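S.K.: Have a look at this prediction, sequence included:
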Amino acid sequence: MKYDIIIGIDPDTEKSGVCFLETATRILEVSSLTLPQLIDYLEFVKSKKMNYNEKIVVVVEASWTTTHNHHLAGKHTLASASKTGYNIGRNHQQGIVICEMAKKLGFEVVEQPPLRKCWKGINGKITHKELQNLLYNSGLGMLDKKTSNQEERDAALICFFSSNLPLKYKPTK
């Protein structure tokens, strides 16, 4: 289905990455928001955009939908494994709450399994430079920020791949 607006969210316990993509104009904005800020943001988008009968979707990275957990691979002490598991559980719960809140506000919500990590960054994650290259070559222009954090970059990827825009990526050297 084609959407006029895609809001991509990469949940995190402190600040979630949020990307807003208006598909017709190809305007893309990224930010990091706490849960209360994110709820305020979704309420703002609802008040401004839903009155125009625009098709809006909220796409949330749903890591809780996968069974494999690479975070616990390798050497761990009982304490470090416990802490990692606790943090992963908190992150999953944050994503579930975000989905519930978006649905309560009347948004269509898609729970997106994590995208494949195939980039040049640490653990296969996308770098700021790679994201800029992907967006620019796909006609979305550049991010309005000189740097971005991993949650923002992941949220932008969620928006991009949810938009079905043609992928035009030229690897950076």
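M.R.: It's in.

S.K.: going forward, measure contacts and count neighbours with C-alpha atoms only.
M.R.: Will do.

S.K.: Quick check, pLDDT for D10.
M.R.: Each residue has a pLDDT score; the one for D10 is 93.

S.K.: What is the burial count for it?
M.R.: Neighbourhood size, D10 [other Cα atoms under 10 Å]: 30.

S.K.: okay, how far is it across stretch 109-119, tip to tip?
M.R.: Using Cα to Cα, to the nearest Å, one end of stretch 109-119 lies 27 Å from the other.

S.K.: contacts for it?
M.R.: For stretch 109-119, contacts defined as Cα atoms under 8 Å, 6 or more residues apart in numbering pick out 57-63, 65-66, 99, 102-103, 123-127, 130, 158.

S.K.: rerun at 10 Å
M.R.: For stretch 109-119, contacts defined as Cα atoms under 10 Å, 6 or more residues apart in numbering pick out 7-10, 56-66, 95-96, 98-103, 123-127, 130-131, 154, 157-158, 161-162, 171.

S.K.: for it, what is the average pLDDT?
M.R.: Rounded mean pLDDT across stretch 109-119 is 83.

S.K.: in that stretch, what's buried?
M.R.: V109, V110, E111, Q112, P114 (16 or more other Cα atoms under 10 Å).

S.K.: Stretch 147-154 now?
M.R.: Buried residues in stretch 147-154 (16+ other Cα under 10 Å): S148, Q150, E151, E152, R153, D154.

S.K.: Return the distance of it from the chain's centre.
M.R.: 9 Å (Cα atoms, centre = their mean, to the nearest Å).

S.K.: Then stretch 31-40?
M.R.: On Cα atoms, centre = their mean, the centre of stretch 31-40 falls 13 Å from the chain's centre.
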